[in-house]
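Visitor: only geometry, no sequence info:
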Ligand SMILES: Cc1cc2nc3c(=O)[nH]c(=O)nc-3n(C[C@H](O)[C@H](O)[C@H](O)COP(=O)(O)OP(=O)(O)OC[C@H]3O[C@@H](n4cnc5c(N)ncnc54)[C@H](O)[C@@H]3O)c2cc1C
Ligand SMILES: Cc1cc2nc3c(=O)[nH]c(=O)nc-3n(C[C@H](O)[C@H](O)[C@H](O)COP(=O)(O)O)c2cc1C
């Protein structure tokens, strides 16, 4: 077998090693355009988990790599004169040049052919090769040559970054956030060998410009960075090596394989430097390819296994990198945060590290986070303990005169079980049990303002006396038997009306018994959906009047709060999104005009809803579709509602158009709640695949939202909040007297269960390499 490898970076060299080990008789050659000891960059970083992987696949190179490594456990965050350190991270750094020399040496030992200073222009010179690895880096010539086939997407990010080095020793992965007269600068730094550290500097394009960095050469910009970070460099110099400022290209390729050619490493997909995974991904690609080659009957089958088997892992890492890079790009959102909350945000930015996880590793740090959270509440007049503060989920929250005991919320969820809009006994049990279960705030399902405003024949409504009586019974029950507050969500289905019950075909038009539907524009949801009538001014007045009448009924029912549903493609959302609003009158066109009718309704409601009671608005913060609403629009929408007097923005996403491309995942909508909260400066509630109290605490402690709503978790567990209260020892949580013996038992058992689990986790956690190295080099204690 003959294998030609274009590119002698970590991907190409490691693939050569693994393939040669597998097939000693194969002719495997690496072609590299640089000299053998020529390299850009300074250090590379690997986690303990990545090193475990290398240990499994090639022991000799693993041993040599780890001998050369600098180990550290801590992450240190420097911000506004403070430093917060968190241990237990298990990272290692090594010089990129040494890594390449080790891999070259190992490849040579195994009999791989290595050709340096050979720039491959055409792959046709490898016509006799069975396999060609395109490991030619981020600017891959061959990916671009066959761009039509590989279909790469290059997302050039806005921030500027430059890779430099220093002799400054560091004992932790260090983030320095530096305020300057021009704006914020960030240094990501770590030591990779004795006397050498990597320094990546990052800033936004405006700060870059204001700081006069445009047009400076490497030496001049290193001098400017040394001025900015001089206090931390402590007299050490900054070193350069092709340290030009660049914009990071996020690369994704739809295809990785063409005939017998395959993309590896940065050539196929890149991951932002802030999660330190570029070299790891490159070498793990090599592992995946070698594993596929070992088990497949042919090269073609192996390439297929590699392409399809590896993609998910790469995309997961890229997603984590994306989330992380967005955090750094928007660091100004958090610039006025309390430093410990800021540091908590840095630690938890990419979702891999959570509240409970940090509590185990860095209890003092988390205790400080809890204290700071409680102190902010004290400053706002809450009588909460700062000596023994509760976790954020069990801290109170206030909107106007409404105070809720904790931040866990039951999200609005249609039950499709009303009879002619009248809530039934099912609803009483449904809402009643969730309220008893401990949620601080319960939202009703979308309650429709008129008969033809319903989504389905089973939707609840509030347009007649019978419905009002039924809702009052529910509200009274909640108030009499729980500490929960209850919010009425009012909505109008718009073009998604006259559709089937969820379990009969969600959003599908009714076969019979339907009614006329209205929308901002006459665009059907599905091609075979009912075509909505474009709402005229008289229709708008009627809709507005029915919203107002329903709100007045809601007040008579005793609801504590009112939410206007402007999300998910229903009537008011259809005005806001340009994908569903093609009007040419004053209610279409610019965002300001598209918001006019929803704001008019909001203002009409605010006028009749009692002043002391809060109001929220639910929005779709993105349509997940080209040309639709984006996060930046959501900020503008939130600002407009805030000016009209909204107290909370309930941040959901999507469901506007059928061909949307949502990116699901844990807590997938939280970044939008974060953006709205910290850019528009309005309280937010986040929702969407948040399934644990740990995740909720992570979100709240990092200041990404003020309330956390859970939908589906509440469907199967009315006592979600009570259980979480027991877990965190929030013993002031309300419990109806009838259930007190159960509360006492779960609180007693949870303390023990929690201790047991923590001990188990600590025991099960292998020592990091840094810990092992520290132990090995510790002088023996005198007997
Ligand atoms: C300026 C810069 C500095 C970096 N510094 C660091 C760092 O300090 N630490 C870190 O972890 N990561 C660093 N990275 C990221 C890191 O290099 C990559 O994520 C990782 O090296 C990917 O490995 P790779 O083998 O896919 O690509 P690369 O390491 O880029 O290797 C590709 C190789 O292919 C060669 N090549 C390209 N085209 C041809 C051709 N036509 N013929 C022959 N040879 C060719 C290139 O010379 C190169 O050696 C840096 C990236 C950049 C852009
Ligand atoms: C069965 C069901 C019904 C829903 N009905 C509504 C609704 O009436 N109003 C609304 O704003 N959102 C509604 N949603 C969306 C939820 O409020 C929530 O945003 C969504 O389920 C994501 O949160 P989760 O991952 O915690 O379930 C509904 C969701 C489900 C699963």
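Guide: The structure has been received and is ready for your questions. Every value quoted in this text rests on a predicted model; they were computed, and no experiment measured them. Ligands and ions are numbered 1, 2, ... in the order given.
Visitor: dump the residue contacts of the closest residue to ligand 2 within the chain.
Guide: The chain approaches ligand 2 most closely through residue 711 (2.8 Å), counting by Cβ to the nearest ligand atom. For glycine as for every other residue, the C-beta is placed from the backbone atoms N, C-alpha and C. Contact partners of residue 711, counting by Cβ atoms under 8 Å, 6 or more residues apart in numbering, are 410-413, 687.
Visitor: Name the spans of this structure whose pLDDT lies under the cut-off.
Guide: 39-41, 764-767, 770, 774-783 (pLDDT under 70).
Visitor: Could you rerun that using 50?
Guide: By pLDDT under 50, the low-scoring segments of the chain are 780-783.
Visitor: Packing partners of the lengthiest strand in it?
Guide: Longest strand of the chain, by residue count under DSSP state E: strand 152-166. Counting contacts by 3 or more Cβ pairs under 8 Å, 6 or more residues apart in numbering; DSSP states H and E, strand 152-166 packs against strand 196-203, helix 205-210, helix 218-228, strand 238-239, strand 246-253, helix 299-329.
Visitor: now it and helix 218-228, what's the angle there?
Guide: 70 degrees (axes from the mean of the first three to the mean of the last three Cα atoms, to 10 degrees).
Visitor: buried ones in strand 152-166?
Guide: 152, 157, 159-166 (16 or more other Cβ atoms under 10 Å).
Visitor: Ok, stretch 657-676 next?
Guide: So, applying 16+ other Cβ under 10 Å, buried residues of stretch 657-676: 657, 660, 667-676.
Visitor: Report whether the longest strand of the chain contacts ligand 1.
Guide: Yes: residues of strand 152-166 are located near ligand 1 by Cβ under 6 Å from any ligand atom, namely residue 163.
Visitor: Between strand 246-253 and that strand, find me the angle.
Guide: 140 degrees.
Visitor: Moving C-terminal from strand 152-166, which element do we reach first?
Guide: strand 173-179 (DSSP states H and E).
Visitor: Secondary structure and distance to residue 178 added to the buried residues of stretch 657-676, as JSON lines?
Guide: What follows is those, written out as JSON lines (DSSP: H, G, I helix; E, B strand; the rest coil; distance: Cβ to Cβ, whole Å):
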{"residue": "657", "secondary structure": "coil", "distance to residue 178": "43"}
{"residue": "660", "secondary structure": "coil", "distance to residue 178": "40"}
{"residue": "667", "secondary structure": "coil", "distance to residue 178": "29"}
{"residue": "668", "secondary structure": "coil", "distance to residue 178": "32"}
{"residue": "669", "secondary structure": "coil", "distance to residue 178": "32"}
{"residue": "670", "secondary structure": "helix", "distance to residue 178": "27"}
{"residue": "671", "secondary structure": "helix", "distance to residue 178": "25"}
{"residue": "672", "secondary structure": "helix", "distance to residue 178": "28"}
{"residue": "673", "secondary structure": "helix", "distance to residue 178": "28"}
{"residue": "674", "secondary structure": "helix", "distance to residue 178": "23"}
{"residue": "675", "secondary structure": "helix", "distance to residue 178": "23"}
{"residue": "676", "secondary structure": "helix", "distance to residue 178": "27"}
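Visitor: Export those residues as TSV, with columns for distance to ligand 1.
Guide: Shown next, in TSV, are those (distance: Cβ to the nearest ligand atom, whole Å):
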residue	distance to ligand 1
657	37
660	32
667	27
668	26
669	30
670	28
671	24
672	29
673	32
674	28
675	28
676	33
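Visitor: Would you agree residue 515 is in contact with residue 453?
Guide: No: with contact defined as Cβ atoms under 8 Å, residue 515 does not count as touching residue 453 (9.7 Å).
Visitor: where do the contact lists of these two overlap?
Guide: In contact with both residue 515 and residue 453: residue 497, using Cβ under 8 Å, 6+ apart.
Visitor: Tell me which of those two has more neighbours.
Guide: residue 453 (28 against 13; other Cβ atoms under 10 Å).
Visitor: Surely the more buried one touches residue 496?
Guide: No: counting by Cβ under 8 Å, residue 496 is not a contact partner of residue 453; they are 10.7 Å apart.
Visitor: what about the residue nearest to residue 319 when sequence neighbours are not counted, which helix or strand?
Guide: Excluding the flanking residues, the one nearest residue 319 by Cβ to Cβ, 6 or more residues apart in numbering is residue 665, at 6.7 Å. Under DSSP H and E, no helix or strand contains residue 665.
Visitor: Pull the contacting residues for residue 665.
Guide: Contacts of residue 665 (Cβ under 8 Å, 6+ apart): 319, 351, 689.
Visitor: likewise residue 178?
Guide: 184-187, 228-229.
Visitor: Which element, helix or strand, includes residue 33?
Guide: Applying DSSP H and E, one finds residue 33 in no helix or strand.
Visitor: which SS state does the closest residue to it other than its chain neighbours fall under?
Guide: Distance criterion Cβ to Cβ, 6+ apart; nearest residue to residue 33, sequence neighbours excluded, is residue 119 at 3.9 Å. At residue 119 the chain is in coil, as set by DSSP: H, G, I helix; E, B strand; the rest coil.
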